[in-house]
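J.: next input, structure requested:
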Amino acid sequence: MSWFNRIRTNVSEIVPAIDYYEQQLAEARMECSLKGNVEKHSRDMPGIVEHRFNQLQEIEAILEYLNIELRKIKTEKYRKYLEHYNRALSSRDADKYAEGEQDVIDQQHIINEFALVRNKYMGLIKALDSKQFQINNVVKLRAAGLEDVSL
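T.: Take a look at the predicted model:
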């Protein structure tokens, strides 16, 4: 079962998901190095990029789900303030009070923490892109006759 489905059925799975993706990031940093056989690196790159990009897409889906839940919680709190005060509050006041509710703040903290994981994955994708560029440069050097190029 994917992390997205696990979180969708039980939001408390967010902490193990963050731990899992942090562990995956540590493993992925090893994939960014460029030592050894260039042909092997070149051969492995499409699979690595596909795997890590799919993880990034799942993280994006989880983040969007969390944002949808935030809007739901915030709307419930907003409605509570408007109904409870019989419209004595302006809509702007009710919105500000709703943003200050502990449930809303807790959800924003969760979103912020998960957004940090997403940003780290975006950095990983950039590193893999840079690795592919460097592999391409080494291959061009070898094609130009510099066979003794090593990493």
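
J.: low-confidence regions, the protein specifically.
T.: Counting by pLDDT under 70, the ranges of the chain that qualify are 85-87, 146-151.

J.: name the residue closest to the centre of it, please.
T.: By CA atoms, centre = their mean, the chain has its centre lying nearest to Arg118, at 2.0 Å.

J.: on the three-state scheme, the spatially closest residue to that one that is not a sequence neighbour is what?
T.: Distances taken as CB to CB, 6 or more residues apart in numbering place Ile59 nearest to Arg118, at 4.8 Å, with adjacent residues excluded. Placement of C-beta: from N, CA and C, glycine included. Look at Ile59: counting by DSSP: H, G, I helix; E, B strand; the rest coil, its state is helix.

J.: switch to numbering from 19
T.: Shifting the count to begin at 19 puts that one at Ile77.

J.: ok, now how distant is Ile77 from Met140?
T.: 9 Å (CB to CB, to the nearest Å).

J.: neighbour-wise, which of the two wins?
T.: More crowded of Ile77 and Met140, by other CB atoms under 10 Å: Ile77, with 23 against 13.

J.: OK, contacts around that one?
T.: Shown in contact with Ile77 (CB atoms under 8 Å, 6 or more residues apart in numbering): 39, 132, 135-136, 139.
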